[in-house]
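# After the sequence you'll find the predicted model.
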2 protein chains.
Amino acid sequence: MAILSQTSEYALRAATVLAQHEAHGPVHVAVLADALDVPRNYLSKTLSQLARVGVLDSVRGKHGGFLLARPRNQITLYEIVEPFERFDSVRRCLLGQPECTAKAACPAHAAWSALGDRVVRFLRHTTLADLAKGHTRWPNQAALEAATD
Amino acid sequence: MAILSQTSEYALRAATVLAQHEAHGPVHVAVLADALDVPRNYLSKTLSQLARVGVLDSVRGKHGGFLLARPRNQITLYEIVEPFERFDSVRRCLLGQPECTAKAACPAHAAWSALGDRVVRFLRHTTLADLAKGHTRWPNQAALEAATD
DNA sequence: CGTAAATGTCATATTATCATGACGTTAGAG
DNA sequence: CTCTAACGTCATGATAATATGACATTTACG
C-alpha cells in the first residue's frame, strides 16, 4: 500500500532537485540518478515522459539534461505524478461497488472517498516551489554538489 | 494508485458479507466468490489467510465455509487488510528520504504523513459492523440470496 | 568534420501481484 | 464405511510494474 508508485516517487524526487536548481540550466540524468539513488536508464525514461507531457524540457547533446518547462510555482505535484498513476482508482469504492455514489453509497463511501479527495487535493495544491524550499538531503547529496558547482 | 491492493478489496468485500450474515453460520467460498464476482480459488486462499490470522474461522467438510471469529463490531478493517499490505510504505516520505522525521522533515512531510495517518486511522477505527449496516448491492446479489435463505 | 557526451528508444529481464487448475484433506450424511 | 462436498495447498501461468542493457540520435566543441 504505497499510495504513489515507485515511478511517481522517482519523478517527484527528480523534479524537486530540478526546482532547487531552477535557472542553473539543465541537469544530467546521470547526476540526478546518482544523487537520488534511482536507476539511471529508468529515470531517463521517466523524465522523458514528463518532457513529452510538457512539464519538463529536455536538452539533448552535450551539456544537455532536464529542466523545468515552467516556473516551479506553476507546476503542481499532480502534473508530475499524473502520467504514472490511474487516478480513477483512488476514488473507487472501498467495497468495489460500481454504483457507489453519494446517492446509493456503501456504508464506507463518505469516509473513504474523503480520503481519496484529500490525496488528490494535496497533489493539486502543492507545487514544486513548496518542495524546493526547506530541508532536503538526498541519498547521495555529494554527487549533486560535485556536479552543479 | 489504488491505496489498497485488489486482494485487500476482495477480503473486505467478503468480510462484509460475512458480517451481514453473522449468526447465520458459515458461508461457502463458492457462494461468496459468485456473489462478489471474485475468482473462487483466489478468494479461498485469501480467506484461509485471514483464518490463520484469527480474524475468521473456517469450517471444513460438508456444510463448511467461513465466518467471523469474533463479533463484527470487534473486527477492524485494519485487521482484515493488514496481511495483504505493507503499511510501512504508506508512511514513507514522499520524497523517499530515509531520515524524514518531524525533526528533519522534508518540505512535504507534515502534509503527506498526515494523509497516511488518516488512512491508517480510518482503517483502525472502522469495524465490520460499520460496513455491515447500510446499503450494499453486490455484483451478483442474487447468488447470495439464493444460497442463504 | 569527427568525436564525445548527452538524451531517446527498444528489447529484454526481473519481480510482485493476481489468477487458475490439480490434487490433497476434512467431515457430514446415508 | 464410503461418498461427496467443502476447505487447504501447491504448482503453474498471466499480467503489470520495475529495472537493465544495447544502440540510435542529437549536439557542443575542438
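Received it, and whenever you're ready, just let me know what you need. Residues are numbered from 1 along each chain as shown, chains lettered A, B, ... in the order given.

# Strands of chain A, residue ranges please.
A:56-59, A:65-68 (DSSP state E).

# and of those, who's closest to chain B?
Chain B lies closest to strand A:65-68 among the strands of chain A, at 16.4 Å (CB to the nearest CB). The way it works is simple: take the backbone N, C-alpha and C, and place the C-beta from them, glycine included.

# what does the closest one contact?
A:14-15, A:18-19, A:21-22, A:25-29, A:31-32, A:47, A:50-51, A:55-59, A:75, A:128 (CB atoms under 8 Å, 6 or more residues apart in numbering or on different chains).

# My read is that A:Leu131 contacts A:Ala19, right?
Yes. Under the criterion of CB atoms under 8 Å, A:Leu131 makes contact with A:Ala19 at 6.3 Å.

# who's more crowded, those two?
A:Leu131 (25 against 21; other CB atoms under 10 Å in any protein chain shown).

# tell me the contacts of the more buried one?
A:Leu131 touches A:12, A:15-16, A:19, A:77, B:95, B:106-108, counting by CB under 8 Å, 6+ apart.

# Just send these back as JSON lines, with distance to B:Val120 too.
JSON lines is the format used below for the contacts of A:Leu131 (distance: CB to CB, whole Å):
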{"residue": "A:Leu12", "distance to B:Val120": "21"}
{"residue": "A:Ala15", "distance to B:Val120": "27"}
{"residue": "A:Thr16", "distance to B:Val120": "25"}
{"residue": "A:Ala19", "distance to B:Val120": "30"}
{"residue": "A:Leu77", "distance to B:Val120": "21"}
{"residue": "B:Leu95", "distance to B:Val120": "20"}
{"residue": "B:Cys106", "distance to B:Val120": "20"}
{"residue": "B:Pro107", "distance to B:Val120": "22"}
{"residue": "B:Ala108", "distance to B:Val120": "18"}
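
# pLDDT added to those, as TSV?
Listed next are these as TSV, based on pLDDT from 0 to 100:
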residue	pLDDT
A:Leu12	96
A:Ala15	97
A:Thr16	96
A:Ala19	96
A:Leu77	97
B:Leu95	86
B:Cys106	86
B:Pro107	86
B:Ala108	87
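
# Pull out the buried members of these.
A:12, A:15-16, A:19, A:77, B:95, B:106-108 (16 or more other CB atoms under 10 Å in any protein chain shown).

# okay, and the helix or strand of chain A with the least pLDDT?
helix A:87-90 (a mean of 72; mean pLDDT, DSSP states H and E).

# Could you check how far the closest residue to DNA strand D within chain A is from A:Pro26?
Of all residues in chain A, the one sitting closest to DNA strand D is A:Gly61 (2.0 Å; CB to the nearest atom of the strand). Noted for A:Gly61: a distance of 10 Å to A:Pro26, by CB to CB, to the nearest Å.

# Looking at the two now, which is surrounded by more residues?
Set side by side, A:Gly61 and A:Pro26 show more neighbours around A:Pro26, with 18 against 5, by other CB under 10 Å.

# Identify the residues contacting the more buried one.
Contacts of A:Pro26 by CB under 8 Å, 6+ apart are A:57-59, A:63-67.

# repeat for A:Arg13
A:36, A:38, A:138, B:95-96.

# what pLDDT does A:Met1 get?
A:Met1 carries a pLDDT score of 75 in this model.

# What residues does chain A have near DNA strand C?
By CB under 7 Å from any atom of the strand, the part of chain A that sits against DNA strand C consists of A:28-30, A:41, A:44-45, A:47-48, A:51-52, A:58-66.

# same thing but at 10 Å, please
A:1-2, A:26-33, A:40-52, A:56-67, A:147 (CB under 10 Å from any atom of the strand).

# buried subset of these?
A:1-2, A:26-29, A:31-33, A:43-44, A:46-47, A:50-51, A:56, A:58, A:65-67, A:147.

# Mark which of those are part of helices, please.
A:29, A:31-33, A:43-44, A:46-47, A:50-51, A:147 (DSSP state H).

# Would you map the helices across chain A?
Counting by DSSP H, the helices of chain A are A:6-20, A:29-36, A:40-53, A:77-81, A:87-90, A:109-125, A:128-132, A:141-148.

# with the contacts of A:Arg13 in mind, which one is nearest to A:Asp117?
Set against A:Asp117, the nearest of those by CB to CB is B:Leu95 (22.7 Å).

# I'd guessed that closest one sits against A:Tyr10; true?
No. Between B:Leu95 and A:Tyr10 there is no contact under CB under 8 Å: 10.1 Å.

# what separates the closest residue to A:Ala51 other than its chain neighbours from B:Ser58, distance-wise?
Counting by CB to CB, 6 or more residues apart in numbering or on different chains, A:Ser58 is the residue found nearest to A:Ala51 once chain neighbours are left out, at 4.2 Å. From A:Ser58 over to B:Ser58 the distance is 56 Å, taken as CB to CB.
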